[in-house]
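1. Starting from these lines, generate the structure:
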Amino acid sequence: MNHDLLEGFRRCRARADTDEARIAALVARVLDPLVDPSAVEADLQVLADACPLRQPPWTYLAQAGFEGNTADYGALDNSNLARVLETRRGIPITLGTLLLRVARTAGRRAAGINFPGHFLVQVDEVLVDPFVMQVVQADRVVERLPAASRRLPRETLFAAASPVAVGLRMLNNIKLIHAQGAAWHRALDVVDAQLALAPDHPALHLERGDLWRRLGSVAPARESWQRALDLAEATGGDELEQVRRAVRTRIDEVGGSGDVIH
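-> The predicted structure is shown next:
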């Protein structure tokens with residue numbers, strides 16, 4: 001992946017004033033190298049500045065034509081903020097990014113909610129589904145979850161997500177599409193972008209090693225797995241035991257020598 005783009009993600013991680021839109025603009029360039037992230041942010045800010053202060057920001061965006069892409073939900077363009085601004089169609093997390101910027105520009109408190117399976121936005125005291133740009137009730141969205149997820153504490157289900165967490169989730173969506181198409185090099189680029197945002201995430205290093213192995217390169221795979229193991233062991237905790245076991249199994253499988261899988 002382009003070094004400057006990775007550096008942009010690293011700067012987002014380090015800056016206290018980074019918001020979801022800044023990261024989303026970089027994600028757009030992951031999908032299209034011709035995208036200018038600064039131009040995307042500028043276009044978004046024009047949209048945000050035009051929202052009447054007394055109008056709910058979700059109503060403003062709905063009236064402007066922004067809605068979920070029900071016809072082609074799995075299209076990569078739905079994760080590209082530049083394209084979403086053009087087509088006014090997207091998935092919950094990209095549309096939610098728009099809503100967050102518009103709401104904050106209007107002086108409202110807003111936070112992304114990493115709700116399982118469907119990104120939501122809290123604006124002041126109101127919960128909004130950005131896919132339909134409508135207010136929703138917490139009880140109703142919980143009812144749609146699988147039974148195991150419904151048992152999770154409400155404070156977990158509706159916890160505010162940091163901009164970095166939102167960026168990681170956006171990139172996860174793209175990575176999944178690439179993996180489904182066996183586009184392993186592209187999936188690897190996405191993991192590198194995620195690691196620029198979260199360099200100490202053991203599971204991402206584990207995944208990076210798995211992708212290198214799929215590409216037939218043992219040396220970088222082993223290096224990534226070892227980094228995952230070092231981080232998981234340094235962190236400790238039972239929740240990372242699965243990562244530790246998975247890494248040790250993979251390292252044993254490829255052995256200690258050789259650089260290429262034939």
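
2. which residues in the stretch 1-150 of the chain form helices?
-> Under the criterion DSSP state H, counting those that start in this stretch, the stretch 1-150 of the chain contains helices at 3-14, 20-31, 37-49, 57-63, 81-87, 92-105, 138-143, 147-150.

3. CA-only coordinates of the first one in CSV, if you can.
-> So the one you mean is helix 3-14. Below are the C-alpha coordinates for helix 3-14, written out as CSV (Å, rounded to 0.1, in the frame of the first residue of the first chain):
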residue,chain,number,x,y,z
HIS,A,3,3.4,4.8,2.1
ASP,A,4,1.7,8.3,2.3
LEU,A,5,-1.7,6.7,2.7
LEU,A,6,-0.5,4.5,5.6
GLU,A,7,1.2,7.6,7.1
GLY,A,8,-2.2,9.4,6.9
PHE,A,9,-3.8,6.6,8.9
ARG,A,10,-1.0,6.8,11.5
ARG,A,11,-1.5,10.6,11.8
CYS,A,12,-5.2,10.0,12.4
ARG,A,13,-4.3,7.6,15.2
ALA,A,14,-2.0,10.1,16.9
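
4. how many neighbours does Arg186 have?
-> 19 (other C-beta atoms under 10 Å). No exception for glycine: its C-beta is placed from N, CA and C like everyone else's.

5. typed the wrong thing, it's Gly255
-> 9.

6. Help me confirm that Arg244 comes into contact with Ala234.
-> No - judged on C-beta atoms under 8 Å, Arg244 makes no contact with Ala234 at a distance of 11.0 Å.

7. Same drill for those two, tell me which one is more crowded.
-> Each of Arg244 and Ala234 has its neighbours counted (other C-beta under 10 Å); Arg244 has more, 18 against 10.

8. which element is that one on?
-> Assessed by DSSP states H and E, Arg244 sits inside helix 241-254.

9. Which neighbouring elements make contact with that helix?
-> helix 202-214, helix 218-235 (3 or more C-beta pairs under 8 Å, 6 or more residues apart in numbering; DSSP states H and E).
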